[in-house]
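Enquirer: Need the 3D shape of this:
(chains A and B)
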Amino acid sequence: MPDQSKWKAGLRAIGIPVLATIVGLLVGILCILIAGKDPVLAAKAFYRAVAGEPRMFGNVLVSTIPLIFTGLAVAFAYRAGLFNIGVEGQYLMAQIATVVVGVWWTPPQGFEWLHPIFALGAGAVAGAIWGGIVGLLKAWKGVHEVINSIMMNWIALFLADWLLKAYLRPDNSRAASYDLQQTAWLSQGLIEGSRLHTGIWIALGTAVVVWIILFKTPLGYEIRAVGHSPGAAEYGGISVARALIITMAISGAIAGMAGSVQTMGLNHRFNETTALLGYGFDGIAVALVGRLHPVGVVLAALLFGALQASSGLMQAMAGVPKAVVSIVQAAVIFFVAAEGLWSFLQRRRAKKEVTPA
Amino acid sequence: MTVAFGTILLTFIMATLRATTPLLLAALGGVFSERAGVVNIALEGIMLAGAWGAAYFSFISGSAWIGLLGAVFIGVIMAGLHAVASIKYYADQVVSGTAINLLAVGFTEFMLNRIWGQAGSSPEVASLPNIGPLNFMIYLAFILAIVSWVALYRTPWGLRLRSVGEHPLAADTLGIDVFKMRYAGVLLSGVLGGLAGASLSIGLLSRFVDGMSAGKGFIALAAMIFGKWNPLGAVGATLLFGASQSLSVIFQLMGIQGIPTQFFNMLPYVLTMLILAGFVGKSVAPAADGIPYRKTN
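Expert: Numbering: from 1, shown residues only, chains lettered A, B, ... in the order given. Sure thing, here's the model as predicted:
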C-alpha cells in the first residue's frame, strides 16, 4: 500500500523536527529553572513578544526574514548532498557588493526602481561566486565543501573588514560603511510601528522559486539525483561536477540575498563585523528543522525568528538570559541530527505491526 | 639598531609561541578525532567550554591546577556529546559539531551570568605559573605533540586508532573494537581541546572572557589539515599560523605599513585551501573520516 507508506514517511518527516523542538524547548525551560527564574513568566513574555501587539509580530517577521534565506540556502545545497556551512561568508560578501551598488551607483531619473533590484542582484552574484568557488574546488579537485566553506567564512570576515576600513567608509571614526542611497532601501512600515520591510515578500518569493527549481525543473531533478547517489546520477548521464558547482552557486546566491536584504531593508549600511555572527549556523538549524523542504524552512524560520525576537523581552520581563536561546537552538539541532536516537520509535512501531516478509 | 632588532626578534618569538600554544593543543585534539574517523569541527566549542571550565574550577578551588583538570573535564563532556551523537546515533558529524559550537557559546555565556553575575568576563582567577620566561602551557603543548606522535605512530594502539579511521570494516574483521577506538579518539580531542581552552583562560590570561576562543578552534582545524593530520605536521602548521598572527603585531611595532593586518589573519585559511586543492603540496584526509560506522550483524 504505497499511500500508507507515504503517509508514514510524511509523519516521520514532521514528527522528528517537532519532537526535537519540544525537547529543545524543555531544555530551555530547564535552563530557566536552573537560572532561578519563572518559566511561566518567561512563557508570558514570549507570548507578549510574539502576539502581544501587531508591531511585535512585525518584529518577529523581521527576525524571520534572514532565517528564511539562510535556511533555504542550506536546504538547497543539502538536497545535492552538499553541506553549505559557508552561508556566513556568502552573507558578508553579498553585503559588501550591495553596499557598493547601493552607495556608488545612482540610477538614472525615472529608473529608481532598478536600484534595489541591482543592489540585490549584486549581492546574489557575490554570494554565488563565494559559494561557487567551494563547489568548483569540490568538483575539480575533490576538496570537501565543509572545510573550504569554513575557510571561506573566515577569509570573507577579514576581507570584508579590510574593504570596509580601506574603501567603504567616509572616515576612520565610523564603524560602518557609507549609507545606502535611499533609492536602494526596501520600504519599511508594512506593519505600523515595526521595522518590517518588503524583504519578507522577497524571502517568501525565494522559497517558492526554490520549491519550483527543486521539484518542477530538470535541474532540480538532477540536483536531487546527485544528492541521492552521485554514482547512479553519473551513470544516468547527469554531470555531477556541473550539478555540484551550480548547486553551490545557487545556494550561495540565496545566502547572499539574506545579507543584501538585511542591508537594504534594515541596516542601510555595512556595520563593522569583527566576529562571525552566526547567520550560517542559524540557517543550518532552520534547514534541518524544516526538513530541507521550502515550506518547512519557512515555518522553522518563523519558530527561530520568534525565539530570537522574544529573547529581549524574556530577559526584561522574566530575567531569562539571552544565552538560553542559543542553548535551545543547539539542543534542537542536536536532537534533529541524532537520527539514530529516534529509531526507538520505529522499533516500537515495528513491534506492533506484523508485516509479512 | 641591532639591539632594537634583537628585542623585536625576541618579542616575535615569544608572541609566536604564545599564539601557537592553544592552536597546537586543539589541532592535536583534531588529529586524534579525525585519525579515528570522526570529523571534529567542534574544536572551537570544546576550546571555549574548556576555557570556561579552567576559569571556573580555578575560581572555586583557588588552584590553577584544579582549573586545568576542570578544563579537561568540561572538554571531555563536550566531546562526549559529539562522540555519542556521531558514533552511537550516526548523526552527521558536521551538524553535531555545529550544535556543540552553538551549545558552548550559549553555555559559557549562561554560566558566566549565573555564577559571576556579570557579562563579558569572569573575575581574576589563579593562573598557571611561568617556567623561566614562558608559561607552563607552552611547554606542555610541545611535549604533548611529541607524545601524540609516538602514541599514533610508534604504538600498536596508534596503529589500531588509525586503522579505524582508514578502513573500519577491515579493522573490525581483525577484531578491533571500532566504536571503542572512535570514542577514544573523540574523547582525547576533548582532553586536548579542553587544555587548549585552559591555555587561553588560565595560561596566557587569568580570567575567562566571553567568546575568547574567537575562531582559534577553526584555525586549529586548518592547521590540522595543513599538517596532514599528523602531530608533528600540526607543530609546523601551528607555528606557521602563530607566526603569521604575531607578524602583524611586529610589523606594527616596526612601523611597517602597507600590508593590512587582515591579510595576516587570512593567511592560514588561504594556505589551507591551497594545500587542499593540491596547489602547494597535498593533504589527504583519512579515508573513512566523517563516515559513521554501522555494524552489519
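
Enquirer: CA atoms for contacts and neighbours, from now on please.
Expert: Noted.

Enquirer: so what does the helix ranked longest in chain B touch, helix or strand wise?
Expert: Secondary structure assigned by DSSP state H gives helix B:2-35 as the longest helix of chain B. Helix B:2-35 is packed against helix B:43-61, helix B:136-153, helix B:156-166, helix B:178-198, helix B:216-226, helix B:231-254, with contacts defined by 3 or more CA pairs under 8 Å, 6 or more residues apart in numbering or on different chains; DSSP states H and E.

Enquirer: For the one helix or strand residue A:122 maps to, which residues meet the burial criterion?
Expert: Element membership of residue A:122 [criterion: DSSP states H and E] is helix A:114-141. With burial defined by 16 or more other CA atoms under 10 Å in any protein chain shown, the residues of helix A:114-141 counted as buried are A:115-116, A:118-139.

Enquirer: elements contacting that helix?
Expert: helix A:87-104, helix A:145-163, helix A:240-262.

Enquirer: Which one, of the ones you listed, ends up nearest to residue B:191?
Expert: helix A:145-163 (22.8 Å; CA to CA).

Enquirer: and the angle from the closest one to helix A:114-141?
Expert: Interaxial angle of helix A:145-163 relative to helix A:114-141 (axes from the mean of the first three to the mean of the last three CA atoms, to 10 degrees): 140 degrees.

Enquirer: Could you point out the helix or strand that follows helix A:145-163?
Expert: Helix A:145-163 is succeeded, C-terminally, by helix A:199-216 (DSSP H and E).

Enquirer: Please save the CA atoms from that following helix in PDB.
Expert: Output of helix A:199-216 as PDB, limited to C-alpha atoms (Å, rounded to 0.1, in the frame of the first residue of the first chain):
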ATOM      1  CA  GLY A 199      12.200  41.800   2.300                       C
ATOM      2  CA  ILE A 200       9.600  39.400   3.700                       C
ATOM      3  CA  TRP A 201       8.000  39.200   0.200                       C
ATOM      4  CA  ILE A 202      11.400  38.600  -1.400                       C
ATOM      5  CA  ALA A 203      12.100  35.900   1.200                       C
ATOM      6  CA  LEU A 204       8.700  34.100   0.600                       C
ATOM      7  CA  GLY A 205       9.100  34.500  -3.200                       C
ATOM      8  CA  THR A 206      12.500  32.900  -3.000                       C
ATOM      9  CA  ALA A 207      11.000  30.000  -1.100                       C
ATOM     10  CA  VAL A 208       8.500  29.500  -3.900                       C
ATOM     11  CA  VAL A 209      11.300  29.700  -6.500                       C
ATOM     12  CA  VAL A 210      13.400  27.200  -4.600                       C
ATOM     13  CA  TRP A 211      10.400  24.800  -4.500                       C
ATOM     14  CA  ILE A 212       9.900  25.200  -8.200                       C
ATOM     15  CA  ILE A 213      13.600  24.700  -9.000                       C
ATOM     16  CA  LEU A 214      13.900  21.600  -6.800                       C
ATOM     17  CA  PHE A 215      10.700  19.800  -7.700                       C
ATOM     18  CA  LYS A 216       9.500  21.100 -11.100                       C
END
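
Enquirer: Tell me the buried residues in it?
Expert: So, applying 16+ other CA under 10 Å, buried residues of helix A:199-216: A:199, A:200, A:202, A:203, A:204, A:206, A:207, A:210, A:211, A:213, A:214.

Enquirer: Check the burial of residue A:92 by counting its neighbours.
Expert: 31 (other CA atoms under 10 Å in any protein chain shown).

Enquirer: Now do the same contact list for it.
Expert: A:156, A:157, A:160, A:256, A:259 (CA atoms under 8 Å, 6 or more residues apart in numbering or on different chains).

Enquirer: do residue B:15 as well
Expert: B:242, B:243, B:246.

Enquirer: I'd like to check the angle between the helix holding residue A:122 and helix A:240-262, please.
Expert: 150 degrees.

Enquirer: Surely residue B:37 is in contact with residue B:289?
Expert: Yes. If you go by CA atoms under 8 Å, residue B:37 and residue B:289 touch, sitting 3.9 Å apart.

Enquirer: anything in contact with each of the two?
Expert: In contact with both residue B:37 and residue B:289: B:165, B:166, using CA under 8 Å, 6+ apart.

Enquirer: how close does residue B:160 sit to residue B:199?
Expert: Distance check for residue B:160 against residue B:199: by CA to CA, to the nearest Å, it reads 30 Å.

Enquirer: can you check residue A:149 too?
Expert: Distance from residue A:149 to residue B:199, by CA to CA: 28 Å.

Enquirer: okay, these two: which has more neighbours?
Expert: Shown here are residue A:149 and residue B:199; by other CA under 10 Å, residue B:199 has more neighbours (32 against 25).

Enquirer: For residue 76, give me its contacts.
Expert: Assuming you mean chain A. Residue A:76 touches A:210, A:214, A:247, A:251, A:292, counting by CA under 8 Å, 6+ apart.

Enquirer: try again with chain B
Expert: Residues in contact with residue B:76 (CA under 8 Å, 6+ apart) are B:187, B:188, B:189, B:190, B:191, B:194.

Enquirer: State the helix or strand in which it lies.
Expert: helix B:64-83.

Enquirer: got the buried residues for that helix?
Expert: B:64-83.

Enquirer: number of nearby residues for residue B:44?
Expert: Neighbours of residue B:44 (other CA under 10 Å): 31.
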